[in-house]
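Colleague: Sequence below, structure please.
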Amino acid sequence: MWRRNDGRPRDLGTLAPQGLRSNARSINVWGQVVGTSDISAEEDQRAFLWSPVTKTLRDLGSLENNTTSSGAHAISNVGHIVGLSFFSSGEHAVLWMPWTRRIRDLGTLGSDHSSAEAVNDLGDAAGQSSTAFDPITETTPTHAFFWSRGRMHDLGTLGGTDSYVHGINNWRQVVGTSQTPPGPDQALGPDHAFLWSKECGMQDLNDMISPAYGIVLSSAADINDRHQIAAEADLGDRTHSYLLTPFSESQ
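Modeller: Numbers count the residues shown, from 1 in each chain. Predicted structure coming up:
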């Protein structure tokens with residue numbers, strides 16, 4: 001059972017007394033929590049950091065002089081925070097730096113919409129971004145990205161239109177889900193879980209397990225520093241979770 005010493009869960013509150021909602025998204029080993037909270041009765045929202053030291057929510061601000069909404073999605077064990085910030089023409093993935101909490105615009109892959117979903121202890125971020133408009137398909141695809149040292153890298157897809165990030169580790173491996181090529185009479189291909197690394201690029205996790213298991217992994221939720229991956233597969237009308245462990249560790 002998870003509880004305080006007095007047996008009651010701790011209410012983290014909101015950023016404003018008149019705020020109705022706050023939504024926690026991530027916690028690190030030090031008990032720091034990040035998420036999004038109402039800052040007014042008009043339902044404007046802002047990214048927050050809650051610290052077990054101060055025991056209060058801190059407004060992390062936004063890109064346009066704290067006049068627009070923002071949201072925090074993940075925090076690393078050394079205090080890097082990632083999420084998104086809205087501005088006049090869209091929203092951009094952002095990184096709040098440890099200690100200073102200075103907000104950094106991570107940019108996009110050619111459009112005005114991006115969001116960072118995961119961050120490691122090195123300050124590398126991963127998420128997804130809309131790309132430039134494709135006049136052939138008349139769509140604006142969304143691609144997974146890896147951001148490091150001031151540069152956003154397009155991770156591509158597994159042959160379909162869109163891909164999305166869910167996790168990153170300190171080995172700079174990224175996991176998520178991607179559409180695959182559509183089959184006959186299909187508008188979109190099925191979603192498959194992926195693993196991306198700088199050395200190997202984006203790989204379909206289904207190519208790394210035996211087809212004898214009879215499962216198709218549709219999404220990878222996270223990856224740890226032992227390279228273990230939490231994933232899920234659709235089994236007809238059911239969805240099951242799976243733990244993937246590198247072969248050398250499973251002996």
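
Colleague: what lines up beside the helix or strand hosting His192 in the sheet?
Modeller: Element membership of His192, judged by DSSP states H and E, is strand 191-197. If you go by DSSP bridges, strand 191-197 pairs up with strand 174-179 (antiparallel), strand 201-204 (antiparallel).

Colleague: in the last one, what's buried?
Modeller: So the one you mean is strand 201-204. 202, 204 (16 or more other Cβ atoms under 10 Å). C-beta coordinates here come from the backbone N, C-alpha and C atoms, glycine included.

Colleague: Check the average confidence over it, would you?
Modeller: Average pLDDT, strand 201-204: 98.

Colleague: Also stretch 115-125?
Modeller: 98.

Colleague: Enumerate the positions of that stretch that are buried.
Modeller: Buried, per 16+ other Cβ under 10 Å, within stretch 115-125: 115-120, 122-125.

Colleague: Just the closest of these to Pro246, please.
Modeller: Asn120 (18.4 Å; Cβ to Cβ).

Colleague: circling back: now tabulate the strands paired with strand 191-197 in CSV and tack on distance to Gln45.
Modeller: Below are the strands paired with strand 191-197 laid out as CSV (distance: least, Cβ to Cβ, whole Å):
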stretch, distance to Gln45
strand 174-179, 25
strand 201-204, 32
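
Colleague: What separation do you get for Val53 and Gln32?
Modeller: Per Cβ to Cβ, to the nearest Å, Val53 is found 9 Å from Gln32.

Colleague: more neighbours, the two?
Modeller: More crowded of Val53 and Gln32, by other Cβ atoms under 10 Å: Gln32, with 18 against 8.

Colleague: Out of the buried residues of stretch 115-125, give me the two with the largest separation.
Modeller: Longest distance between any two of the buried residues of stretch 115-125 is 19.8 Å, between Ser115 and Leu122; criterion Cβ to Cβ.

Colleague: ok, how many other residues are close to His192?
Modeller: As a burial measure, His192 scores 23 neighbours (other Cβ under 10 Å).

Colleague: One more: the one 4 residues further on?
Modeller: Residues near Trp196, counting by other Cβ under 10 Å, number 27.

Colleague: who touches it in this structure?
Modeller: Contacts for Trp196 were tallied using Cβ atoms under 8 Å, 6 or more residues apart in numbering; they are 144, 146, 155, 173-176, 202-203.

Colleague: most neighbours, which of the residues you listed?
Modeller: Val174 (30 neighbours).

Colleague: Give the full set of residues in contact with that residue.
Modeller: Here Val174 is in contact with 118, 126, 144, 146, 155, 165, 167-168, 195-197, 223 (Cβ under 8 Å, 6+ apart).

Colleague: do the same with Glu64
Modeller: With Cβ under 8 Å, 6+ apart, Glu64 has these contacts: 85, 87-88.

Colleague: rerun that using 7 Å as the cut-off
Modeller: Phe87 (Cβ atoms under 7 Å, 6 or more residues apart in numbering).

Colleague: Around the closest residue to Asp124 other than its chain neighbours, how many other residues sit close by?
Modeller: Spatially, and ignoring its direct neighbours in sequence, Asp124 is nearest to Ser148 (4.5 Å; Cβ to Cβ, 6 or more residues apart in numbering). For Ser148, the count of nearby residues is 15 (other Cβ under 10 Å).

Colleague: Kindly report the same for Ser129.
Modeller: Look at Ser129: counted by other Cβ under 10 Å, it has 26 neighbours.
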